[in-house]
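# here you go, sequence then predicted model.
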Amino acid sequence: QAIGKRDRDIFEEVWPDKRRIVLKLLRQDTVSQREWQDLFFGVHFVCLWDEKGAAKIYDCLQQDIVEFIVQAQSQVQAQRGEQALLATYIVEWRKFFTQSNYLPLPFRQLEQSPQVKPSSSSSGASTSGASTSAAAAASCSGQAGSSSSTANKAGASTSAAAAASAASTSAAAAASTSASTSSAAAAAAASSGSSGSSTSKKNPTEDSPVRKLMLDSWNKHIFHDIKHRLQESAMKIVHAERNGDAYDAQLVVGVRESYVNLSSNAEDKLEIYRENFEMAYLKATAEFYRLKSAEQQQENGVLAYMKYADAKLREEEVRAKRYLEPSSFNILTYTLVKVLIVDHLNSIIAECPALIRDYETERLNLMFRLMDRVLHGVGVEAMMSDLQRHIQSAGLADMLSASEVITQDSEKYVERLLELFNKFSDLVRNAFNDDPRFLTARDIAFKTVVNDTSVFKMELPTSIANRGVKYTAPESKCPELLANYCDMLLRRTPLSKRLTSEQIDARLRDVLLVLKYVNNKDVFMRYHKVHLTRRLILGTSADSEKEEDIVEWLREVGMPADYVNRLARMFQDIKVSEDLNTQFRSSISRHDAINIKILNAGAWARCSERVSVSLPIELEDYIPDVEEFYKKKHSGRKLQWYHHMSNGTITFVNNFGRYDLDVTTFQMAVLFAWNQRQHDKISYENLRLATELPDPELRRTLWSLVAFPKIKKQILLMEPAAINSPKDFAENTMFYINQEFAIVKNGKSQRRGKLNLIGRLQLSTERSQQEDNQSIVQLRILRTQEAIIKIMKVRKRMNNAALQGELIDILKNMFLPSKKMIKEQLEWLIEHKYMRRDDDDINMFIYVA
């Protein structure tokens, strides 16, 4: 029987009946379950028994599909109105697309035929009836989700395939029947799953040659001829929507879906959509807003235009989600930014300085949002430059306007700086959302304000000397004033007394915040250490815990470890000295009058030389006792007495009353000159011989006793009285005890009381200020040399530019070395054979081991 079948034209016998079912499917007429199953069997039967059956079926399918498409084309092109054209096209397309999803199912057998798809010939395809029928059975059952067994014999496999088809396609037949009863239902089904780009589940017929045939035929016979009309009509609807006119969004969506689903290119499913619909949409968008933006800016001004541009950008983002594929969002945004922002960039940016000056944070935030969309940050950089210029000019102008107040009061200076910083920080927060780029601009500009030398400055000597004249380099006095403010908070002062512990902590943190912007932190270190030394020596700290806290905070903000460690050592010395005092007092009988502090010279010493003074006999007697006691505890150590760091309390008696005076050792030495002759007048020359103080120190000390500020009656009087400066003291200037001296409180003279005459004389000598400045520069030189050697020891060879860059990076937490200083230290190191220049390249340095 099989041999007889092959002799006859199987295709001519089977296909006409099956073609009738195909035409019903194309027209979406009702197809029964039996017809659907017969179509599966017929296709399988022809492909199995007719060698050219697959090609014949494919050719006939192509003719029928083209005829059906031509009929749909005539219906579409018969429409004259644009919306009618779109509506008809979308209905016909959705019907056809629905058919393209289920019509290829019975023809899966064609996928294995080399006549239809030569590139997809399977190794499992064979001329033997058994193997081919098994493949067919697997194909049919796999499509519907059921399983079928394969047979070893030809006749058995054929019946098995038919049974599998009958069992597995009932669901598909039912679905097709329900869909064919209503074109609207078919359209809805197509619409729900039409977008190939948005569904992650692959269509089982997606790679079918029949589906590709259907889509390519639609593209060739309908879409290619009317795609320009479709695009133009769809863009007119979008245009109407943008103008606020009535529109039907579903028509645009439907056109978009057809563009997306028409592509049969498996590698690029959006090829047709991108080359046609997307391009048309972008062109129409650019043309629309190019005209509208110019009109808006001309009619309403730049500030109103920014609101318009921002609103339209957000509006188009919403519209894009409705009309475009996700892959188009970025290029649409780029197009809109180009037309709405970049083309108007200069006029928008021109408004920025005025907005910053007037603190129009809401408008600045709007401008920032617009500029942040521009590629390469062109707009944002322009705004950053405007912000930086404003902070510099406004900050310096504010400091200059208040210079008379802040130069006299470190508290007001620091508070003014913090007020400015908070003001600028609020601007960056509210206008630019604390964007890191604008925070950086704020920091750079505020650093300029903090380190400015126009309000007040300190002069540091340079290493250049010319004909005996030392040149000085001006630097900001900010670090010194910050150290002074820290001292006011940590010492027992009216300021620290009126603040709570939490408020003091907050203000100390504020000081560290400003310190971050100081270039020359080594100056702060120097003065902070001076103040700390004074507080520890005099015991004037308001809170010892805060003293130690600030040391740890300095470590946290990046202060050099050696500096912080020396501060910590100072606290340790004070605690050790307390224990030593207890032991010393228990070892002698005269223990109430003495309080010794044994300090580490490396951590405490400031001055290059000690100041000699003739101590009162009452103090002189203690020195051998202390030295003997200390040697017993620590053999091999030598004590050096720093009298300018010492102080004491004396009882002063005159004709009016009895007073306790806190004085420096130098003041004590001067006053003890009258101990046995209270009513005598002593000349300046005799006082110098009696105290053995150097001339500058004696002048300063005497001036503190004859012209101490804030007291109405001075301890000493002088002749002549009309001397206005310690420099005017002559050798014959006479000094004597003021027998009428008294402490005045509330306008009344007190017969008893206590007065502190130390002031800022403690730890300060005539040369100390000059020495401080010189030591700062000397320390910078040493640190620069140390850093250069450290770098060269690792690098071995390095050019000048790279060396300077790495050097500044190492030293920036302490100070910024000038190019002149770097050059001088490089020459010094070369001269002393630590490094040398390359013979062939003068800018290349080589480390010498």
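Structure received. Residues are numbered from 1 along each chain as shown.
# so which bits of stretch 394-406 are buried?
The neighbour-count check on stretch 394-406 (16 or more other CB atoms under 10 Å) flags Ala394, Gly395, Leu396, Asp398, Met399, Ile406 as buried. For glycine as for every other residue, the C-beta is placed from the backbone atoms N, C-alpha and C.
# brain fart, stretch 408-416
Of the residues in stretch 408-416, Ser410, Glu411, Tyr413, Val414, Arg416 count as buried by neighbour count, 16+ other CB under 10 Å.
# likewise stretch 231-247?
Gln231, Ser233, Ala234, Met235, Lys236, Ile237, Val238, Glu241, Arg242, Tyr247.
# reformat those residues into CSV and put secondary structure, distance to Pro479 and pLDDT next to each item.
Shown next, in CSV, are the buried residues of stretch 231-247 (DSSP: H, G, I helix; E, B strand; the rest coil; distance: CB to CB, whole Å; pLDDT from 0 to 100):
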residue, secondary structure, distance to Pro479, pLDDT
Gln231, helix, 69, 84
Ser233, helix, 73, 86
Ala234, helix, 68, 88
Met235, helix, 66, 90
Lys236, helix, 70, 89
Ile237, helix, 68, 90
Val238, helix, 63, 92
Glu241, helix, 63, 91
Arg242, helix, 60, 91
Tyr247, coil, 68, 79
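# now these in CSV, with distance to Asn219?
Output for these, formatted as CSV (distance: CB to CB, whole Å):
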residue, distance to Asn219
Gln231, 15
Ser233, 18
Ala234, 17
Met235, 20
Lys236, 23
Ile237, 23
Val238, 23
Glu241, 28
Arg242, 30
Tyr247, 27
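# pLDDT score for Asn219?
pLDDT, Asn219: 84.
# ok, the buried residues of stretch 408-416 vs Lys529, which is closest?
Within those, proximity to Lys529 (CB to CB) peaks at Ser410, which comes in at 16.6 Å.
# list phi and psi for that closest one.
Dihedral pair for Ser410: phi -60, psi -30, per degrees, to the nearest 10.
# surely it meets Tyr485?
Yes: counting by CB atoms under 8 Å, Ser410 does reach Tyr485; the two are 4.6 Å apart.
# so what does the biggest helix by length in the chain touch, helix or strand wise?
Across the chain, the longest stretch assigned as helix under DSSP state H is helix 279-323. Helix 279-323 is packed against helix 224-242, helix 249-262, helix 329-340, helix 345-349, helix 361-371, with contacts defined by 3 or more CB pairs under 8 Å, 6 or more residues apart in numbering; DSSP states H and E.
# can you say which of these is nearest to Tyr323?
Among the helices and strands packed on helix 279-323, the nearest to Tyr323 by CB to CB is helix 249-262 (5.3 Å).
# that closest one: which residues count as buried?
Applying a neighbour-count criterion of 16+ other CB under 10 Å, one finds Leu251, Val252, Val253, Gly254, Val255, Arg256, Glu257, Ser258, Tyr259, Val260, Asn261, Leu262 buried in helix 249-262.
# tabulate those (JSON lines), appending distance to Ala801.
Output for the buried residues of helix 249-262, formatted as JSON lines (distance: CB to CB, whole Å):
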{"residue": "Leu251", "distance to Ala801": "65"}
{"residue": "Val252", "distance to Ala801": "60"}
{"residue": "Val253", "distance to Ala801": "61"}
{"residue": "Gly254", "distance to Ala801": "65"}
{"residue": "Val255", "distance to Ala801": "61"}
{"residue": "Arg256", "distance to Ala801": "57"}
{"residue": "Glu257", "distance to Ala801": "61"}
{"residue": "Ser258", "distance to Ala801": "63"}
{"residue": "Tyr259", "distance to Ala801": "57"}
{"residue": "Val260", "distance to Ala801": "57"}
{"residue": "Asn261", "distance to Ala801": "61"}
{"residue": "Leu262", "distance to Ala801": "61"}
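# His44 reaches Arg108, doesn't it?
No: using CB under 8 Å, His44 makes no contact with Arg108, being 9.3 Å away.
# now Pro436: how far from Gly395?
Going from Pro436 to Gly395 by CB to CB, to the nearest Å gives 21 Å.
# wait, I meant Lys283
With distances taken as CB to CB, Lys283 is found 49 Å from Gly395.
# from what I see, Asn520 and Pro479 are in contact.
Yes: if you go by CB under 8 Å, Asn520 and Pro479 touch, sitting 5.9 Å apart.
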